[in-house]
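> next come a sequence and a model predicted from it.
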2 protein chains.
Amino acid sequence: MRVLLAGGAGYIGAHTAVALVEAGHDVLVVDDLSNSSAEAVARVEQITGAAVPLLSADARDVEALTAFVREHAPVDAVIHLAGLKAVGESVAEPVRYYDVNLGSSLAILKLMAAEGIPTIVFSSSATVYGEPESLPLSEESPTGIDLANPYGKTKRIIEEILKDAAAADPRLRAVSLRYFNPVGAHSSGLIGEDPTGIPNNLMPYVARVAVGTLDRVGVFGDDYDTPDGTGQRDYIHVVDLAAGHVAALERAREGYEVYNLGTGTPVSVLELIAAFERASGKQIPREILPRRAGDVAASYCDPGKAERDLGWTATRTIDDACRDSWDWQSKNPNGYATV
Amino acid sequence: MRVLLAGGAGYIGAHTAVALVEAGHDVLVVDDLSNSSAEAVARVEQITGAAVPLLSADARDVEALTAFVREHAPVDAVIHLAGLKAVGESVAEPVRYYDVNLGSSLAILKLMAAEGIPTIVFSSSATVYGEPESLPLSEESPTGIDLANPYGKTKRIIEEILKDAAAADPRLRAVSLRYFNPVGAHSSGLIGEDPTGIPNNLMPYVARVAVGTLDRVGVFGDDYDTPDGTGQRDYIHVVDLAAGHVAALERAREGYEVYNLGTGTPVSVLELIAAFERASGKQIPREILPRRAGDVAASYCDPGKAERDLGWTATRTIDDACRDSWDWQSKNPNGYATV
């Protein structure tokens, strides 16, 4: 298949591009490079030996997308990872988040209808579950109507749009992948997570403490009802996550489906820090801080549906993720920047 | 105040324009005229004697809106009635509904932020309540996460966007008005409901049967758990509804508020038909048909919050609405068309 990868220069996008090429697919990337780097796409080409055309454009720009898709026709599918993803920023700038995230999704659906592209795989998030009523989270678990932030709401709304679009168009194949917590990096050490500014997520934060560019990691709450009191998450290695996209793409059928992509194994903040210390051989200073508003005690999935329907399961451990993340971070202390 | 009325050439828009001018405000209209008529705005000018500038543009076109607003600066508020509203069509064409309804709302919010316009009054709908858990519906009644159609979902999503936008910007004054069932026409007989094609709503359908352009009215279900077995709705005279917009505009404070706009009195399908027969002196043939998917037995509101906060209450009865609707229909059998 030839696949348009929207947001393909980002963390998950670059790993998905590698997985697609390795599975025999052609990849085109559209990315506005606002929180990602053209260097990531160059490194995808380096890893795979394949040419990966990159269009630097906003995914809301239907005209630019149309010209790009026609230049590389026929395009068989879209993997849609474009969008803004910082929870706190989404609270401060809700209109921008709704505009970019909903607008890019609607532009992609319009492009698909006009160009006859039948398949879309969308990057949703476990955040759509809100505060879990019970664990593990299955695809049948209720999604939250009162999610704590616009970022999460955009994910839930885009899922609804895809479901309604598939109900209206029987040719459409639409899949939402609810990511749990992506971590790690490609084993080459050439691509990895490269957040702008202070990382919002735990693993890249810990990696920067290990490499010495940040002082210590804040642990938000150690009095949760969990074995060690710190929050538990379902950390999934980004290379496993990328393989999940390829499986979803190849197995997509007419209609709409949702899959959790996670390991099913909860790992606490302190366990993650300990794993990173083992992987890096560095001590990671930490500071216990108050809980953050909106954080849940624990979130992990039942990954059974993806295994049954897609033949996909996560195989990498938190130790694998820490090793690969450390390898990436120590080889690229400034990420993709050449400084 | 000078008010930009988006969707101001439509049924509710034209009546709101008259009410605004009569309350001493200046009105500008933007409308794409896709399901409305420039003649409606001309008749608003005829009724009020005021000039009402009309921009024929899509409300998603921020550049066109910006030029229009600057030409008529300063604009103090937006009343946002633009959007697509046919329930069945929204199921068949969900992407267009999400695109137009969400896109126009986001464009208006971007315009307001850029031009320093602090106040927005938005046309929401009782449809956001979904299947009522209890009646009457108050603003605290739960809104449905699993609404039956994309039209209703767009209303719920735009409410969420406005709430989040107001939380992020303390200067913003945002009000959602949840309309129950608007009916009737202006007492001049010059403006009224003029749906394209076969009417989706009961009152204009009944009016066309009375005037002879349609054969008979279908009654969808006579076995509901209501006094006469037919569905009960809260029909609100459009002139009362228009007054509600003026009250919401004038009383809007910083933050986000929601108001039901209805009478609080349930009226059944058979009661409405009987009222229309009295008003028109015509017999209205009817046919009992099966229930329609998605219809609820009864929906009516507690209008107390609008009365308390806005000093607004509906004063017109269903008989008033039928009289005015009949007057409009008989004077304008082809609506605004000159044929």
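Thanks, I have the structure now. Quick caveat, the model's predicted, so the values are computed rather than measured. Numbering: from 1, shown residues only, chains lettered A, B, ... in the order given.

> where does the stretch 1-150 of chain A have low pLDDT?
Residue ranges of the stretch 1-150 of chain A with pLDDT under 70: A:145.

> which parts of it sit against chain B?
Residues of the stretch 1-150 of chain A lying close to chain B (Cβ under 8 Å from any Cβ of the partner chain) are A:91-95, A:98-99, A:102-103, A:106, A:109-110, A:113, A:143, A:145, A:150. To be clear about C-beta, it is placed using only N, CA and C from the backbone, and glycine gets the same treatment.

> can you say which of those are buried?
Buried by 16 or more other Cβ atoms under 10 Å in any protein chain shown: A:91, A:93-95, A:98-99, A:102-103, A:106, A:109-110, A:113, A:143, A:150, out of those.

> which helix or strand contains A:Val175?
strand A:173-179 (DSSP states H and E).

> quick revisit: take the buried ones among the residues of the stretch 1-150 of chain A next to chain B and keep only those in helices.
Counting by DSSP state H, these place A:Val91, A:Pro94, A:Val95, A:Tyr98, A:Asp99, A:Leu102, A:Gly103, A:Leu106, A:Leu109, A:Lys110, A:Ala113, A:Pro150 in helices.

> roughly how far does the last one sit from B:Arg323?
Going back to what we said before, that points to A:Pro150. 46 Å (Cβ to Cβ, to the nearest Å).

> tell me the helix or strand right after the host helix or strand of A:Ala242.
For A:Ala242, the element it lies in under DSSP H and E is helix A:238-251. Proceeding N to C from helix A:238-251, the next assigned helix or strand is strand A:255-261, under DSSP H and E.

> spatially nearest residue to the residue of the stretch 201-339 of chain A found nearest chain B (excluding sequence neighbours)?
Closest residue of the stretch 201-339 of chain A to chain B, Cβ to the nearest Cβ: A:Tyr256 (11.5 Å). Nearest residue to A:Tyr256, sequence neighbours excluded (Cβ to Cβ, 6 or more residues apart in numbering or on different chains): A:Ala166, at 3.8 Å.

> same check on A:Thr230?
The shortest distance from A:Thr230 to any non-neighbouring residue, by Cβ to Cβ, 6+ apart, is to A:Val269 (3.9 Å).

> the one you found contacts A:Pro227, correct?
No - look at A:Val269 against A:Pro227 with Cβ atoms under 8 Å: they stay out of range, at 11.5 Å.

> let me see the contact set for the residue of the stretch 201-339 of chain A closest to chain B.
A:Leu162, A:Lys163, A:Ala166, A:Ala167, A:Leu172, A:Ala174, A:Val175, A:Ser176 (Cβ atoms under 8 Å, 6 or more residues apart in numbering or on different chains).

> quickly name whichever of the ones in helices among the buried ones among the residues of the stretch 1-150 of chain A next to chain B is closest to chain B.
A:Pro94 (3.8 Å).

> pretty sure that closest one contacts B:Ala166?
No - look at A:Pro94 against B:Ala166 with Cβ under 8 Å: they stay out of range, at 9.2 Å.

> which residues in the stretch 1-150 of chain A form strands?
With strands called from DSSP state E, counting those that start in this stretch, the stretch 1-150 of chain A shows them at A:2-6, A:26-31, A:54-56, A:77-80, A:119-125.

> list the strands paired with the shortest one, with their directions.
Read that as strand A:54-56. Sheet partners assigned to strand A:54-56 using DSSP bridges are listed as strand A:26-31 (parallel).

> and the angle from the strand it pairs with to strand A:2-6?
20 degrees (axes from the mean of the first three to the mean of the last three Cα atoms, to 10 degrees).

> just flag the most distant two among the ones in helices among the buried ones among the residues of the stretch 1-150 of chain A next to chain B.
Distance extremes for these: the farthest pair is A:Val91 and A:Ala113 at 32.9 Å, using Cβ to Cβ.

> near chain B, which residues of the stretch 151-300 of chain A show up?
Applying Cβ under 8 Å from any Cβ, we find that the stretch 151-300 of chain A lies next to chain B at A:Lys153, A:Ile157, A:Glu160, A:Ile161, A:Asp164, A:Ala165, A:Ala167, A:Ala168.

> repeat that with 10 Å
A:153-154, A:156-158, A:160-169 (Cβ under 10 Å from any Cβ of the partner chain).

> ok, these vs chain B, which is closest?
Chain B has its nearest neighbour among these in A:Asp164, at 3.8 Å by Cβ to the nearest Cβ.

> quick one: the nearest residue to the closest one once chain neighbours are set aside from B:Arg156, how far?
Closest residue in space to A:Asp164, ignoring its immediate chain neighbours: B:Pro94 at 3.8 Å, by Cβ to Cβ, 6+ apart. Noted for B:Pro94: a distance of 14 Å to B:Arg156, by Cβ to Cβ.

> what do you get for A:Arg323?
Counting by Cβ to Cβ, the gap from A:Arg323 to B:Arg156 is 45 Å.

> what does A:Ile236 give?
The gap separating A:Ile236 from B:Arg156 is 31 Å, by Cβ to Cβ.

> neighbour count: those two, which is higher?
A:Ile236 (28 against 23; other Cβ atoms under 10 Å in any protein chain shown).

> what packs against whichever strand or helix holds that one?
Using DSSP H and E, A:Ile236 sits within strand A:235-237. With contacts taken as 3 or more Cβ pairs under 10 Å, 6 or more residues apart in numbering or on different chains; DSSP states H and E, strand A:235-237 sits against strand A:181-183, helix A:269-280, helix A:318-331.

> pull the last one out as PDB, backbone CA atoms only.
Presented in PDB, the C-alpha positions along helix A:318-331 are these (Å, rounded to 0.1, in the frame of the first residue of the first chain):
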ATOM      1  CA  ILE A 318       9.900  -1.300  30.100                       C
ATOM      2  CA  ASP A 319      13.700  -2.300  30.400                       C
ATOM      3  CA  ASP A 320      13.800  -2.500  26.600                       C
ATOM      4  CA  ALA A 321      12.200   1.000  26.400                       C
ATOM      5  CA  CYS A 322      14.600   2.500  28.900                       C
ATOM      6  CA  ARG A 323      17.600   1.000  27.200                       C
ATOM      7  CA  ASP A 324      16.500   2.300  23.800                       C
ATOM      8  CA  SER A 325      15.500   5.700  25.100                       C
ATOM      9  CA  TRP A 326      18.900   6.000  26.900                       C
ATOM     10  CA  ASP A 327      20.700   5.000  23.700                       C
ATOM     11  CA  TRP A 328      18.800   7.600  21.700                       C
ATOM     12  CA  GLN A 329      19.300  10.300  24.400                       C
ATOM     13  CA  SER A 330      23.000   9.700  24.900                       C
ATOM     14  CA  LYS A 331      23.700   9.600  21.100                       C
END
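
> so what does that helix touch, helix or strand wise?
Counting contacts by 3+ Cβ pairs under 10 Å, 6+ apart, helix A:318-331 is packed against strand A:181-183, helix A:202-211, strand A:235-237, helix A:238-251, helix A:269-280.

> for that helix, list every residue counted as buried.
By 16+ other Cβ under 10 Å, the buried positions in helix A:318-331 come out as A:Ile318, A:Asp320, A:Ala321, A:Cys322, A:Arg323, A:Asp324, A:Ser325, A:Trp326, A:Asp327, A:Trp328, A:Gln329.

> of all these, which comes closest to B:Glu193?
Ranked by distance to B:Glu193 (Cβ to Cβ), the buried residues of helix A:318-331 are led by A:Ala321 at 60.7 Å.

> from what I can see that closest one touches A:Arg278, true?
No - judged on Cβ atoms under 10 Å, A:Ala321 makes no contact with A:Arg278 at a distance of 11.9 Å.

> fine by me, thanks again.
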